[in-house]
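Asks: Sequence plus the predicted model coming up.
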Amino acid sequence: MMRWICNPWWDGFWILSGLPIGIVLMLFVPSAQVWFMAVTIMILETGHVVSPMLLAWSKPGLRSIVRREWGKYIAAPASLMAGCLLLPWPTVFGIYFAWNTWHFGMQIFGITCLYRRPQSHDERFWRALGCVSVMVLSTGILPFLGEGSKMHMLSFGIFSFNHWTADIGLSGQASGWRWGFIPLVLIIGVAWLLLRNGPLSVQHVPQIIAIRAAIGMIHFVYSARVWKLSDPQVCEAIGGDFFRKAHGIAT
């Protein structure tokens, strides 16, 4: 049985808005408002990157998990940062691109499980494979087929924008303080935008692209843990009516 994660309005805004966003983006291309889209992209993308990390360290139950598993969530991020700074950029980009595709696919899979729990191991496997395959198609194949800028924007809205808003919305809802959580991650996005166009620009810090890739990979690690709703510890740590309901659907 399919249910709303929260309610039709909340789901429509945070989870199911990819298609309308994509249509709006199509109307902006080409447009004099491209600068506005670029600013929005950087703020939302950065906000979504910090969301699972902020959730993990601000939610007491999740904080105890990541502290207990310190090797994966404290030591490993430091190793990822060092690796991104030391390895050649093509290698870093290749790892990031492949991991990001998997990460997108797994988010889609997780959200489908919130709406309808897989009824068998086989259904779980094939649904996960389908979600990852969709992302491989949309990020690894479609961009090279020359379908035009408007179709690129439609795909960008459906997948990228929707991925960011879903992460921010779900993290805020799970945090228990969404009216502070969501503004905070957006403020962090604005701060990063200003820094990237100032003291942290490529001209001032040539390694900033590699550093940003490492932060993205750390985001992948944290996101996979805090949204592992098949783990009773995570569901108990998040708690609340919202995830008591999700626990019954997704685990």
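Replies: Now that the structure is in, tell me what you want to look at.
Asks: what are the ranges of the helices in the chain?
Replies: 8-14, 18-28, 34-58, 60-68, 70, 76-86, 89-115, 121-136, 149-155, 162-175, 178-196, 208-226, 232-238, 240-250 (DSSP state H).
Asks: Could you single out the most deeply buried of those helices?
Replies: Mean neighbours per residue, mean count of other C-beta atoms under 10 Å, is largest over the helices of the chain for helix 162-175, with a mean of 23. Just so you know, the C-beta spots here come from the backbone N, C-alpha and C atoms, and that holds for glycine as well.
Asks: Need the mean per-residue confidence for that helix.
Replies: Per-residue pLDDT over helix 162-175 has a mean of 94.
Asks: Tell me the helices and strands packed up against it.
Replies: In terms of contacts (3 or more C-beta pairs under 8 Å, 6 or more residues apart in numbering; DSSP states H and E), helix 162-175 is packed against helix 8-14, helix 18-28, helix 34-58, helix 89-115, helix 178-196, helix 208-226, helix 240-250.
Asks: again, only using 7 Å
Replies: helix 8-14, helix 34-58, helix 89-115, helix 178-196 (3 or more C-beta pairs under 7 Å, 6 or more residues apart in numbering; DSSP states H and E).
Asks: Adding distance to residue 139, write those helices out as CSV.
Replies: Below are the helices and strands packed on helix 162-175 laid out as CSV (distance: least, C-beta to C-beta, whole Å):
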stretch, distance to residue 139
helix 8-14, 22
helix 34-58, 15
helix 89-115, 5
helix 178-196, 22
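Asks: between those, which gets nearest to residue 136?
Replies: helix 89-115 (5.9 Å; C-beta to C-beta).
Asks: give the contact list for the closest residue to residue 178 other than its chain neighbours.
Replies: Distance criterion C-beta to C-beta, 6 or more residues apart in numbering; nearest residue to residue 178, sequence neighbours excluded, is residue 172 at 3.6 Å. Contacts for residue 172 (C-beta atoms under 7 Å, 6 or more residues apart in numbering) come out as 178, 181-182.
Asks: again with residue 181
Replies: Counted by C-beta under 7 Å, 6+ apart, residue 181 has contacts 54, 171-172, 175.
Asks: can those residues go into a markdown table with extra columns for distance to residue 23?
Replies: A markdown table is the format used below for the contacts of residue 181 (distance: C-beta to C-beta, whole Å):
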| residue | distance to residue 23 |
| --- | --- |
| 54 | 31 |
| 171 | 26 |
| 172 | 25 |
| 175 | 30 |
